[in-house]
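Undergrad: I'll drop the sequence and a predicted model, then ask my questions.
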Amino acid sequence: MSQREIFIPISRLRSDPPAGSAPVLDTFGRPLRDLRISVTDHCNFRCTYCMPRDRFGRDHAFLPHSQILRFEEVSRLAGLFHQLGVRKIRLTGGEPLLRRNLDRLVAMLAELPDIDLALTTNGSLLARHAASLRSAGLKRLTVSMDALDDAIFQRMNDADYPASDVLNGIDAAQAAGFESIKVNMVVKRGVNDSQIIPMARHFKGSGHILRMIEYMDVGSSNAWRMDEVVSAREMLASLGEAFSLTPIGRHYPGEVAERWQHTDGGGELGIIAAVTRAFCHDCTRLRLSPEGKLFTCLFATQGHDIAGILRGGATDEQLTRRIARIWREREDRYSELRGAGQGSTQKIEMSYIGG
Ligand code: SAM
Ligand code: SF4
Ligand code: SF4
């Protein structure tokens, strides 16, 4: 991993502005509301759009275990983020269910008052873990699934798991009490776009919410090309031929999905137009990497080393001041700039920082 880092010595922390009780706003006036915590950079899939096997093979240097934040460290930081206004935490990865005893971390985070706690998983190990995650206090689940057809599913994730493993995971999660599970489908032209209608048909009336995502230029290893992106407009045109849908807007400012409803009562669908309709203007998301760096954008090129400060003996107040300062100085809007042809090139990988 070659991410550069910004290291601020503890002695400099005293000059950071204090974190008051007012919401912390970035340079564009966006409040800090969401935290994504990546608990591992390992994964049992090799999705071609995220961890292509030729770049993440046997000799890939994953983070050493000693560097990965311990649950107590994550939980301490989460408490400080909460003080700064975070009300939504999503656990992600890599594949978060590869992290041993993840339910222990869930139980620690679930104690934060008024917190919306969610997890994104590829679903392959979900059947095994759904019940313990639910009883630990996890409230919401997003399961990634790109196809129903096994051959297409495996072309997308380049791993030896049948789609039925993920479907069983979703069923187990429902049986464990998770409601309206979200199902994320990345659409890549010529690979799984033929699955748009079968997936929509399968999840219609299931109570789960399928969300189709434009294939993004995250990281530097997926050889992304614009002509492989199926735009939201194209997805909606296909869906419109098979179903009668009506737009229902977004739940709240900052929600990434545009929502649609089957007019016959078959439930909801979402489209995440991360490439063709940037939503940076109300992006309230901060990301914590497995070894404790903070990233203020999915497309950032460098992180802020919070673990170094934490492990160096900083007090809660010093840490809070530093985090608040990082947010106040934030000026990211990569997706808007991409449209203007100004995107950066050396970006962090999605499998390291999480979606
Ligand atoms: N491994 C878990 C999973 O797949 O759900 C969590 C981490 S994964 C990085 C989080 C989400 O990012 C998944 O829904 C995945 O489909 C999405 N994702 C990864 N690479 C992407 C890309 N290039 N474009 C769009 N979405 C992507
Ligand atoms: Fe793994 Fe998720 Fe990336 Fe696929 S999208 S390789 S499951 S981290
Ligand atoms: Fe937020 Fe960065 Fe994505 Fe824009 S590009 S929505 S700032 S994470």
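TA: On my side now, so go ahead. Residues are numbered from 1 along each chain as shown. Ligands and ions are numbered 1, 2, ... in the order given.
Undergrad: what does the stretch 1-150 of the chain have sitting close to ligand 1?
TA: C43, Y49, C50, T92, G93, E95, T120, T121, N122, S144 (C-beta under 6 Å from any ligand atom). The way it works is simple: take the backbone N, C-alpha and C, and place the C-beta from them, glycine included.
Undergrad: go with 8 Å
TA: Neighbours of ligand 1 within the stretch 1-150 of the chain, by C-beta under 8 Å from any ligand atom: 38, 43, 45, 47, 49-50, 92-96, 120-123, 142-144, 146.
Undergrad: Please list the outside residues in contact with stretch 261-268.
TA: Residues from elsewhere that reach stretch 261-268 (C-beta atoms under 8 Å, 6 or more residues apart in numbering): 203-209, 243-248, 259-260, 269.
Undergrad: Give me the mean pLDDT for it.
TA: On average, the pLDDT along stretch 261-268 is 97.
Undergrad: In that stretch, which residues are buried?
TA: H262, G266, G267, E268 (16 or more other C-beta atoms under 10 Å).
Undergrad: C-alpha coordinates for it, PDB please?
TA: Extracted as PDB, the C-alpha positions of stretch 261-268 are listed here (Å, rounded to 0.1, in the frame of the first residue of the first chain):
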ATOM      1  CA  GLN A 261     -41.100   2.900  -6.600                       C
ATOM      2  CA  HIS A 262     -42.900   0.200  -8.500                       C
ATOM      3  CA  THR A 263     -46.400   1.700  -9.200                       C
ATOM      4  CA  ASP A 264     -48.000  -1.700  -8.600                       C
ATOM      5  CA  GLY A 265     -46.800  -1.800  -5.000                       C
ATOM      6  CA  GLY A 266     -43.700  -4.000  -5.800                       C
ATOM      7  CA  GLY A 267     -41.500  -1.900  -3.600                       C
ATOM      8  CA  GLU A 268     -38.500   0.400  -4.100                       C
END
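Undergrad: still on that earlier bit, strands - which of the residues of the stretch 1-150 of the chain next to ligand 1 land there?
TA: S38, T92, T120, T121, T142, V143, S144 (DSSP state E).
Undergrad: For the stretch 1-150 of the chain, what lies in contact range of ligand 2?
TA: 43-47, 49-51, 56, 93-95, 120, 122, 124, 144.
Undergrad: In the stretch 51-200 of the chain, where is pLDDT below threshold?
TA: Nowhere does the stretch 51-200 of the chain drop to pLDDT under 70.
Undergrad: now the helices for it?
TA: Using DSSP state H, counting those that start in this stretch, the helices of the stretch 51-200 of the chain run over 71-83, 102-109, 126-136, 150-157, 163-175, 196-203.
Undergrad: among those, which is nearest H281?
TA: Comparing the helices of the stretch 51-200 of the chain by their distance to H281 (C-beta to C-beta), the top pick is helix 71-83, with 22.0 Å.
Undergrad: contact partners of that closest one?
TA: 19, 32, 35, 37, 39, 69, 86, 89, 101, 104-105, 108-109, 112-113, 115, 286, 288, 292, 306-307, 310-311, 316, 319-320, 323.
Undergrad: just stretch 221-229 next, same as before
TA: For stretch 221-229, contacts defined as C-beta under 8 Å, 6+ apart pick out 48-52, 55-56, 188-191, 214-218, 275-276, 349.
Undergrad: For ligand 1, what's its nearest residue on the stretch 201-350 of the chain.
TA: Taking C-beta to the nearest ligand atom, ligand 1 has its nearest neighbour within the stretch 201-350 of the chain at M216, 3.5 Å off.
Undergrad: That residue is in contact with T276, isn't it?
TA: No: M216 is beyond contact range of T276, at 10.7 Å (criterion: C-beta atoms under 8 Å).
Undergrad: Neighbour count: the two, which is higher?
TA: M216 (21 against 15; other C-beta atoms under 10 Å).
Undergrad: mind listing what that one touches?
TA: Y49, W224, A274, V275, L298, M350.
Undergrad: pLDDT added to those residues, as JSON lines?
TA: Formatted as JSON lines, the contacts of M216 follow (pLDDT from 0 to 100):
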{"residue": "Y49", "pLDDT": "94"}
{"residue": "W224", "pLDDT": "91"}
{"residue": "A274", "pLDDT": "89"}
{"residue": "V275", "pLDDT": "91"}
{"residue": "L298", "pLDDT": "91"}
{"residue": "M350", "pLDDT": "83"}
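Undergrad: Among the residues you listed, which lie within helices?
TA: The helices, defined by DSSP state H, take in M350 from these.
Undergrad: and which of the contacts of M216 is nearest S132?
TA: Nearest to S132, judged by C-beta to C-beta, of the contacts of M216 is M350 at 26.5 Å.
Undergrad: so the residue lying closest to the closest one once chain neighbours are set aside is in which element?
TA: By the measure of C-beta to C-beta, 6 or more residues apart in numbering, the closest residue to M350 outside its immediate chain neighbours is V218, 4.2 Å from it. Following DSSP states H and E, there is no helix or strand that holds V218.
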